[in-house]
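Student: Sequence first, predicted model second:
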Amino acid sequence: MRFSRRQFLKLAGAGAMCLTLGSFGVNVDEAFAYSKKLKIEGAKEVVSICPFCSVCCQIIAYVQDGKLVATEGDPDFPVNEGALCAKGAALTSMYTDDHRLTKPLYRAPYSDKWEEKSWDWTLDQIARRVKDARDKNFILKNDKGQTVNRLENFFMMGTSHASNEECAVIHQAMRGLGVVHMDHQARV
Amino acid sequence: MPKAFLIDTTRCTACRGCQLGCKEWNGLPPNKTKQQGSHQNPPDLNPFNYKIVRFHEHLDAEGNVVWNFFPDQCRHCVTPVCVDVADMVVPGALIKDSATGAVLVTEKSSQLTAEDAEAIRNACPYDIPRYDPVAKKLTKCDMCIDRVRAGLLPVCVKTCPTGTMAFDDRDAIVALAQQRLAVAKERFPKAHLVDMQEVNVIFLLAEEKEYYHERAAFM
């Protein structure tokens, strides 16, 4: 059913009449007792950073009794001034969602399922495999017999969330291994 | 002084920050959706989406594709028809908050039947309220009344990264709307403000409402 302007006005008129009746004894106070508690009232504010893109919008996380209740943009941060895009606006769900990974998962070669592993095991495995792969493939000299000391089968993909200082450390670590292929998320 | 929104669609990039911000603040669950041939998702307002960015594309006179975005929500009408219709069956199911101008769904709305809710939806000039048949309640934007009463911006306005949305006392918003209209007119000669006298959520459109959404404007 679509309303024409005339019907709209007629209805509005009927509404005005109802209001008048209201003032003749029908108690309307109760109707105005609409209350909705502010869920972040008294919550601790924790500053964090949106993990998605290189803009690195700052967010305020509202924590009540050790639980995250809401997130929103930090108005004091000059980059986003309180604003967020759809991804940044959905951080509460990202944190509370059932699909969120909270433990490292490992899928063995040729296996068809993921197993939960501890961080200690996972980090040891990564270190072990990086070391083994590096030792196996490290190139000391090129075809002409010149010393090159490089590793060609590793690739470093940087994140736009890394600061200059973090980039320097990552870069030195990669150069230390002999890695020559390095690129950045924001370029691809 | 009632509050008002300005939604300057000429600035909207359809990032949907407002849509997600609304969902998160109100703790609304996701919808199961599928590709409908449009980036608009979900396809319409529903009990779990009080706000939705509508997408509309068409060819202009030169054959260029024009893509318009319309962040749809309750207009918090100055004289809300939904309140009057609801009052005929369950007085106080919907109310107009005099301090903020917000149109609110109260707990009494649980006494409304699905048919009542349908009548209220049909009476809405902008087709906004939706009935949740499981929770048996009427749902729509409440202007983030909890935030506004605490002196905060509604979450959609707070989230908007492009300056499309503004929220303030109605006088200030009306003045801002005129300013933005003057700016928009330079690029879009047909730019206009939608139903400004009737609503507290004032949309600035670059062209006719048909190029946004069928129920974008009433007048």
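Tutor: Now that the structure is in, tell me what you want to look at. Because the structure is a prediction, the values reported are computed rather than measured. Numbering: from 1, shown residues only, chains lettered A, B, ... in the order given.
Student: For stretch A:176-188, buried residues please.
Tutor: Buried positions in stretch A:176-188, judged by neighbour count with 16 or more other C-beta atoms under 10 Å in any protein chain shown: A:Leu177, A:Gly178, A:Val179, A:Val180. Quick note: C-beta positions are derived from backbone N, CA and C, even for glycine.
Student: Could you work out the end-to-end span of stretch A:49-62 for me?
Tutor: Terminal residues of stretch A:49-62 are spaced 13 Å apart (C-alpha to C-alpha, to the nearest Å).
Student: so is the residue of chain B found nearest chain A in a helix, a strand, or just coil?
Tutor: Taking C-beta to the nearest C-beta, chain A has its nearest neighbour within chain B at B:Asp84, 2.9 Å off. With DSSP: H, G, I helix; E, B strand; the rest coil as the basis, B:Asp84 sits in helix.
Student: got the contact list for the residue nearest the centre of chain A?
Tutor: In chain A, the centroid-proximal residue (C-alpha atoms, centre = their mean) is A:Pro51; its distance is 3.8 Å. By C-beta atoms under 8 Å, 6 or more residues apart in numbering or on different chains, the contact list for A:Pro51 reads A:His161.
Student: Check the spacing between it and chain B real quick.
Tutor: Computed as C-beta to the nearest C-beta, to the nearest Å, the A:Pro51 to chain B distance reads 15 Å.
Student: sec struct for B:Pro71, please.
Tutor: Counting by three-state DSSP, the backbone at B:Pro71 sits in strand.
Student: The residue nearest to it when sequence neighbours are not counted and B:Pro29, how far apart?
Tutor: In space, and not counting its chain neighbours, B:Pro71 is closest to B:Val53: 4.9 Å by C-beta to C-beta, 6 or more residues apart in numbering or on different chains. Per C-beta to C-beta, to the nearest Å, B:Val53 is found 19 Å from B:Pro29.
Student: So for these two, which sits in the more crowded spot?
Tutor: More crowded of B:Val53 and B:Pro29, by other C-beta atoms under 10 Å in any protein chain shown: B:Val53, with 24 against 9.
Student: Mind checking what secondary structure that one has?
Tutor: For B:Val53, the secondary-structure state derived from three-state DSSP is strand.
Student: Flag every buried residue along stretch B:158-165.
Tutor: Going by neighbour count (16+ other C-beta under 10 Å), the buried part of stretch B:158-165 is B:Lys158, B:Thr159, B:Cys160, B:Pro161, B:Thr164, B:Met165.
Student: Which members of those define the maximum pairwise distance?
Tutor: Among the buried residues of stretch B:158-165, the pair separated by the greatest distance (C-beta to C-beta) is B:Lys158 and B:Thr164, at 12.5 Å.
Student: residues in contact with the residue nearest the centre of chain B?
Tutor: In chain B, the C-alpha nearest the mean C-alpha coordinate belongs to B:Gln73, at 1.6 Å (C-alpha atoms, centre = their mean). Contacts for B:Gln73 (C-beta under 8 Å, 6+ apart) come out as B:Cys22, B:Tyr50, B:Lys51, B:Ile52, B:Ile128, B:Cys141, B:Cys156, B:Val201.
Student: Show the buried residues in the residues you listed.
Tutor: B:Cys22, B:Tyr50, B:Lys51, B:Ile52, B:Ile128, B:Cys141, B:Cys156, B:Val201.
Student: Leaving out the residues flanking it, which one is nearest to the first one?
Tutor: Yep, that's B:Cys22 we're talking about. B:Cys22 sits nearest to B:Lys51 (C-beta to C-beta, 6+ apart), 4.2 Å away.
Student: Surely that neighbour touches B:Lys140?
Tutor: No. Contact status for B:Lys51 versus B:Lys140: not in contact, 9.7 Å apart, counting by C-beta atoms under 8 Å.
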